[in-house]
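[1] Attaching a predicted model along with its sequence, questions to come.
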Amino acid sequence: MSLLKPSFRRALPLIAVGLVGAGAVAAPVAGAAAAGSAKPAAPKLTASLTPKAASTGQTVTLTGKVKPAAKRTIRLEQATGKTWKRLATTTSVKKTGAFKLTLVPATVGTIKLRAAATKAGRSKALVSSTQTIMVSAAVTPPCCKTNPSPTPGSTPAPVTGPTPSPTPAPTSGPIITPSAARPSFRAIYAVASDQTPVAGKYAAITASANATNDWFATQTTGGVRPRWVRDGGGAIVVSTVRLPRPAAAYDTATFASLVSELGVAAPTPANQKTVLWFDVKSPNGCGVTGSGLSVLFEAACNIHPATSDVFPYGATYLTAHEMTHNFGAVASCAPHASGGGHVADDNRDLLYAGAGARDWANITLDPGHDDYYATGNPACPGIESSPYWTATSDPLS
Ligand SMILES: [Zn+2]
């Protein structure tokens with residue numbers, strides 16, 4: 001942590017300014033000049049929380065320093081009503097006064113934390129400013145929050161709406177799959193309580209999923225592709241599922257709440273994963289994958305499946321991206337894993353989420369096969385061994 005570096009001392013007053021007002025400090029805070037002067041620093045306890053927002057089960061770290069530097073007992077405290085409850089205790093480093101405390105929040109909501117140095121000899125008790133963290137439900141892997149719109153701007157132009165089509169109407173209700181079926185993705189067209197199913201959506205989803213599958217076959221060993229639940233004629237089955245809340249509610253709904261509602265409306269068979277197209281916004285980005293469920297939030301980034309879809313246009317890139325997360329990529333052990341199931345080293349990578357623009361003309365499934373596909377590294381296996389790949393379109397093969 002940079003807090004432990006001596007060079008950080010100069011920046012400390014600035015950090016302290018950012019925290020002013022939220023909590024009490026036992027002694028008057030010395031001016032910025034104190035950091036550079038020879039005078040002993042006024043007793044002070046600074047603390048900073050990383051990250052500022054977390055999901056349940058994620059480790060949150062409170063780092064800080066006590067001044068003057070000394071070995072002191074430091075508590076991590078949480079506001080519970082008007083009192084502060086001790087969660088953990090550590091000891092600051094004698095030479096630097098630095099300390100580090102961690103917490104793994106288990107419940108969703110806002111948590112107020114602070115560090116407190118207990119009274120010791122002539123040293124007064126000190127408390128840091130209050131640090132607030134938002135805790136949301138865990139989504140594994142958290143996905144795509146930072147993605148720019150994955151729709152390329154060049155031709156063929158992305159189609160922004162489903163195309164009316166004479167193809168069969170979507171089927172209703174949960175999918176019943178032959179028990180003999182191998183592990184498969186099921187396609188769901190989700191409809192909010194106040195939405196009307198759009199004619200042609202079935203054709204748009206199947207076309208987009210087929211185009212995505214065709215691209216996967218160009219990338220994989222042996223030309224395998226994701227196995228989908230298909231009908232007797234070999235077509236991908238799209239099931240329409242009505243969800244209980246109006247569309248506006250889903251615009252801000254947590255992913256975890258969607259997972260649980262789908263679990264009631266259309267429980268997932270044990271040998272299936274789900275790809276769900278839903279024309280609502282999302283607080284989490286264009287697409288999210290977790291718990292075996294990939295959701296394409298169509299209105300979030302105006303990305304809709306269409307019969308004209310060809311990779312990487314329309315919804316195909318996003319579908320491939322989320323399905324690859326659903327296969328289990330990118331494991332945190334991958335050499336270029338950058339967190340959240342992404343890599344940051346190569347802008348051609350399907351799961352690239354670095355700072356630069358994607359190389360849309362050359363999107364590749366793990367270029368160089370060094371992170372998550374056919375890496376040949378038994379210590380960090382890739383997704384090529386997943387049972388959800390198939391060499392044919394036969395759901396029983
Ligand atoms: Zn992603």
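    Here it is on my side, so go on. Numbers count the residues shown, from 1 in each chain.

[2] Just the pLDDT for the nearest residue to G222 once chain neighbours are set aside.
    For G222, ignoring the flanking residues on the chain, the nearest one in space by CB to CB, 6 or more residues apart in numbering is A391 at 6.0 Å. Where C-beta positions appear, they are placed from N, C-alpha and C, glycine not excepted. Predicted confidence (pLDDT) for A391: 87.

[3] Distance check, A391 against H304.
    30 Å (CB to CB, to the nearest Å).

[4] Could you do K201 as well?
    Taking CB to CB, one finds K201 at 9 Å from H304.

[5] can you map out the helices along the stretch 51-200 of the chain?
    Here the stretch 51-200 of the chain has no helices by DSSP state H, counting those that start in this stretch.

[6] Return, as residue ranges, the portions of it with sub-threshold pLDDT.
    Applying pLDDT under 70 to the stretch 51-200 of the chain picks out residues 53-60, 104-109, 134-180.

[7] Need the phi and psi values for T206.
    Backbone geometry at T206, expressed as degrees, to the nearest 10, gives phi -70, psi -40.

[8] Pretty sure it sits against V238.
    Yes: between T206 and V238 there is a contact at 6.1 Å, judged by CB atoms under 8 Å.

[9] And these two? Which one has more around it.
    The neighbour count for T206 versus V238, taken as other CB atoms under 10 Å, is higher for V238 (27 against 20).

[10] Could you chop this protein up by domain?
    For the chain, automatic domain parsing gives the domain ranges 2-32+40-136, 171-390.

[11] any idea how far the longest one is from the chain center?
    Centroid separation for domain 171-390 versus its chain: 14 Å, with CA atoms, centre = their mean, to the nearest Å.

[12] check contacts around L351.
    H321, T324, H325, A329, V330, G341, H342, V343, D366, Y372 (CB atoms under 8 Å, 6 or more residues apart in numbering).

[13] Which helix or strand contains the first one?
    With the criterion set as DSSP states H and E, the secondary-structure element containing H321 is helix 316-327.

[14] Mind jotting down where the strands sit in the stretch 151-300 of the chain?
    171-172, 184-191, 225-226, 238-242, 272-278, 287-290, 293-297 (DSSP state E, counting those that start in this stretch).

[15] Compare those strands and give me the one nearest the ion.
    Proximity to the ion (CB to the ion) singles out strand 287-290 among the strands of the stretch 151-300 of the chain, at 6.9 Å.

[16] ok, is that closest one in contact with the ion or not?
    No: for strand 287-290, no contact with the ion is found by CB under 5 Å from the ion; the gap never falls below 6.9 Å.

[17] thinking again about what came up before, which strands or helices does the helix holding H321 pack on?
    Secondary-structure packing of helix 316-327 (3 or more CB pairs under 8 Å, 6 or more residues apart in numbering; DSSP states H and E): helix 201-219, strand 272-278, strand 287-290, strand 293-297.

[18] In a markdown table, list these along with mean pLDDT.
    Shown next, in a markdown table, are those (pLDDT from 0 to 100):
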| stretch | mean pLDDT |
| --- | --- |
| helix 201-219 | 97 |
| strand 272-278 | 97 |
| strand 287-290 | 94 |
| strand 293-297 | 96 |
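
[19] Compare those and give me the one nearest A266.
    Evaluated over the helices and strands packed on helix 316-327, closeness to A266 peaks at strand 272-278, with 8.1 Å, by CB to CB.

[20] Compute the inter-axis angle for that closest one and helix 316-327.
    150 degrees (axes from the mean of the first three to the mean of the last three CA atoms, to 10 degrees).

[21] For strand 272-278, which outside residues touch it?
    By CB under 8 Å, 6+ apart, strand 272-278 touches 175, 177, 183-190, 192, 201, 205, 209, 229, 241, 243, 250, 262, 268, 292-298, 305, 315, 319, 322-323, 326, 388.

[22] so the helix holding H321 versus strand 293-297, what angle?
    Going by the same axes, to 10 degrees, helix 316-327 makes 160 degrees with strand 293-297.

[23] Convert helix 316-327 to CSV, retaining C-alpha atoms only.
    C-alpha atoms of helix 316-327 as CSV (Å, rounded to 0.1, in the frame of the first residue of the first chain):
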residue,chain,number,x,y,z
THR,A,316,-23.0,-10.9,-30.8
TYR,A,317,-20.0,-9.4,-29.2
LEU,A,318,-21.8,-8.9,-25.9
THR,A,319,-23.3,-12.3,-26.1
ALA,A,320,-19.9,-14.0,-26.7
HIS,A,321,-18.3,-11.9,-23.9
GLU,A,322,-20.9,-12.8,-21.3
MET,A,323,-21.1,-16.5,-22.4
THR,A,324,-17.3,-16.7,-22.0
HIS,A,325,-17.7,-15.4,-18.4
ASN,A,326,-20.3,-18.0,-18.0
PHE,A,327,-17.8,-20.7,-19.1
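
[24] Parallel or antiparallel, list what pairs with the following helix or strand past that helix.
    Next along the chain after helix 316-327, taking DSSP H and E as the criterion, comes strand 337-339. According to DSSP bridges, strand 337-339 forms sheet pairs with strand 342-343 (antiparallel).
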